[in-house]
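K.L.:
Fold the following, please.
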Amino acid sequence: MDRSPTARHRERGISSLQVVTVLFTLLLVGTIVTFVVLAAGSGDGGATTPVTTLTAPPAAP
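P.N.:
Numbering: from 1, shown residues only. As a prediction, the model looks like this:
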């Protein structure tokens, strides 16, 4: 068995790099899904289901 400290001990904290990677991955997946939905809806006479448009809330004064 390998009992080196690097193999046995792992840091439990979440690094900022991991957070950025997860956020970027979610953004990328969301973008791909959006394009796939739009591409599927644009063919055969348009989408068969109503499309809900998400808008940002108004900025605080």
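
K.L.:
For the longest helix seen in the chain, buried residues please.
P.N.:
When the chain is parsed with DSSP state H, its longest helix is helix 16-42. Neighbour counts over helix 16-42 (16 or more other CB atoms under 10 Å) mark no residue as buried. Every C-beta, even on glycine, is put in place using the N, C-alpha and C of the backbone.

K.L.:
Output the lowest mean pLDDT helix or strand found in the chain.
P.N.:
helix 5-8 (a mean of 53; mean pLDDT, DSSP states H and E).

K.L.:
Look at residue 56 and give its secondary structure.
P.N.:
Under DSSP: H, G, I helix; E, B strand; the rest coil, the three-state class of residue 56 is coil.

K.L.:
quick one, phi/psi of it?
P.N.:
phi -70, psi 150 (degrees, to the nearest 10).

K.L.:
neighbours around it, how many?
P.N.:
Each residue near residue 56 was counted by other CB atoms under 10 Å, and the total is 5.

K.L.:
swap in residue 54?
P.N.:
Residue 54: 4 neighbours (other CB under 10 Å).

K.L.:
Quick check: it vs residue 42, distance?
P.N.:
19 Å (CB to CB, to the nearest Å).

K.L.:
swap in residue 34?
P.N.:
Counting by CB to CB, the gap from residue 34 to residue 42 is 12 Å.

K.L.:
Residue 21 too?
P.N.:
For residue 21, the distance to residue 42 - CB to CB - is 32 Å.

K.L.:
for residue 24, same thing?
P.N.:
27 Å.

K.L.:
Give me the three-state assignment for residue 53.
P.N.:
Here residue 53 is recorded as coil under three-state DSSP.

K.L.:
Tell me, how many residues neighbour it?
P.N.:
Count around residue 53 with other CB under 10 Å applied: 5.

K.L.:
Number the residues from 412 up from this point.
P.N.:
Let's use 412 as the start, then, which means that last one is residue 464.
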